[in-house]
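Trainee: dropping a prediction and its sequence here:
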Amino acid sequence: MTETSDGDADGTRIIDGEAVAADVRDDVAAHVETLEEEGVTPGLATVLMSDDPASETYVSMKQRDCEEVGIESVHVEIDADAPAEELYETIDDLNEREDVHGILVQLPVPDHVDKRRVLRQIAPVKDVDGFHPENVGRLVAGDARFKPCTPHGVQKLLAAYDVETEGADAVVVGRSDIVGKPMANLLIQKGPIGNATTTVCHSRTRDLEGKLATADIVIAAVGVPEFIDGSMLKEGATVIDVGINRVDADTEKGYALVGDVEYESAKEAAGAITPVPGGVGPMTRAMLLYNTVKAAGLQSDVALDLD
Ligand SMILES: Nc1nc(=O)c2c([nH]1)NC[C@@H]1CN(c3ccc(C(=O)N[C@@H](CCC(=O)O)C(=O)O)cc3)C=[N+]21
């Protein structure tokens, strides 16, 4: 990125997710060009089966991102109360299409849909979320094909701001399949942005305060607004806030976005911190583009220099 500048009045570095994401998009755009030279236009399909306004917002943001970097996007909308078969068949069709290299089914899907089946049905080589069991297994085995977008984006942020993970005490708060588990897996692995001593905390953790008090790096991914505050952090800790919670507010949209971390107090204690919005969210979207060009390279046998 251009600079790892900033820091507010008390010297806390504010980790600029928009800036790092813009750099990732530039990188992706260069790979798109390489693919185009070989006659390949990368394509991403997004599938939405939900009436949730937040889901609709995210999906339309993803389409705009694609346009910006030259990825073709295909969008399929399925009625939230349509039979589950409609979704399964859509996935089969997209698996077959040669112009579609990546498939993302926006989660959550309705209750009458078998989520595990959806994740298994996406062709592993098109699974740009990295949620198919084959890709989960490869990640855990240290042979990742598609790293899940959010944890991968967090790694990129830590790298961009030269946060030392080697031997550091990292605490991941949250154990979801899409963030907590893969994040912890990446942090313990050998290699760059790994080698951390990683603790995973969750709702049954007995002494969360005790774990946080010694953490050099805190990854908050619980989905509870302002769950962690500055008094719980070690002075100088790096705080990565994965939470993007909509809370009622007296704004034009009728809501505000807040993280899982109480920003003002955490900023006082932290050495570096991600804001919400403008932190992890833009990185999640950027890494989806990254995985899509990777998928296109794999499916068309074009060598791209990607990790
Ligand atoms: N199969 C699947 N893959 C996903 O990656 C996936 C998903 N399902 N379901 C929902 C969550 C949520 N998610 C977000 C990504 C970016 C922002 C983002 O860019 N947020 C902006 C603000 C957006 C706003 O203004 O509302 C920011 O934090 O700055 C938010 C949320 C991806 N998800």
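Mentor: Right, received. Where do you want to start? Being a predicted model, the structure only gives us computed values, none of them experimental.
Trainee: what's the next secondary structure element after the helix or strand encompassing residue 155?
Mentor: Per DSSP states H and E: residue 155 is located in helix 149-160. Sequence-wise, the next helix or strand downstream of helix 149-160 (DSSP H and E) is strand 169-173.
Trainee: neighbouring strands for that following strand, and are they parallel or not?
Mentor: When pairing is defined by DSSP bridges, strand 169-173 lines up against strand 197-201 (parallel), strand 217-220 (parallel).
Trainee: deepest of those, which one?
Mentor: Greatest average neighbour count among the strands paired with strand 169-173 goes to strand 217-220 (a mean of 27), per mean count of other Cβ atoms under 10 Å. For every residue, glycine as well, the C-beta is placed using N, CA and C.
Trainee: correct me, but residue 165 touches residue 195?
Mentor: Yes - using Cβ atoms under 8 Å, residue 165 is in contact with residue 195, at 6.2 Å.
Trainee: compare the two (neighbour count), which wins?
Mentor: residue 165 (23 against 17; other Cβ atoms under 10 Å).
Trainee: count of neighbours near the closest residue to the more buried one other than its chain neighbours?
Mentor: Spatial nearest neighbour of residue 165, excluding adjacent residues (Cβ to Cβ, 6 or more residues apart in numbering): residue 196 at 4.5 Å. Residue 196 has 24 neighbouring residues, counting by other Cβ under 10 Å.
Trainee: contacting residues around residue 196?
Mentor: Listed by Cβ atoms under 8 Å, 6 or more residues apart in numbering, the contact set of residue 196 reads 165, 166, 167, 168, 169, 170, 187, 188, 217.
Trainee: which pLDDT value goes with it?
Mentor: In this prediction, residue 196 carries a pLDDT score of 98.
Trainee: any idea how far it is from the ligand?
Mentor: Going from residue 196 to the ligand by Cβ to the nearest ligand atom, to the nearest Å gives 23 Å.
Trainee: what does residue 31 give?
Mentor: From residue 31 to the ligand the distance is 20 Å (Cβ to the nearest ligand atom).
Trainee: before we move on, the earlier item: tabulate the contacts of residue 196 (TSV), appending pLDDT.
Mentor: Below are the contacts of residue 196 laid out as TSV (pLDDT from 0 to 100):
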residue	pLDDT
165	98
166	98
167	98
168	98
169	98
170	99
187	98
188	98
217	99
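Trainee: which of those residues sits closest to residue 282?
Mentor: residue 217 (19.9 Å; Cβ to Cβ).
Trainee: quickly list what the closest residue to that closest one other than its chain neighbours is bridged to.
Mentor: Excluding its sequence neighbours, the residue lying closest to residue 217 (Cβ to Cβ, 6+ apart) is residue 170, at 4.2 Å. Beta-bridge partners recorded for residue 170 (DSSP bridges): residue 198, residue 217.
Trainee: what about residue 170, neighbour count?
Mentor: Residue 170, neighbours per other Cβ under 10 Å, totals 26.
Trainee: and if you look at residue 30?
Mentor: As a measure of burial, residue 30 has 13 neighbours, counting by other Cβ under 10 Å.
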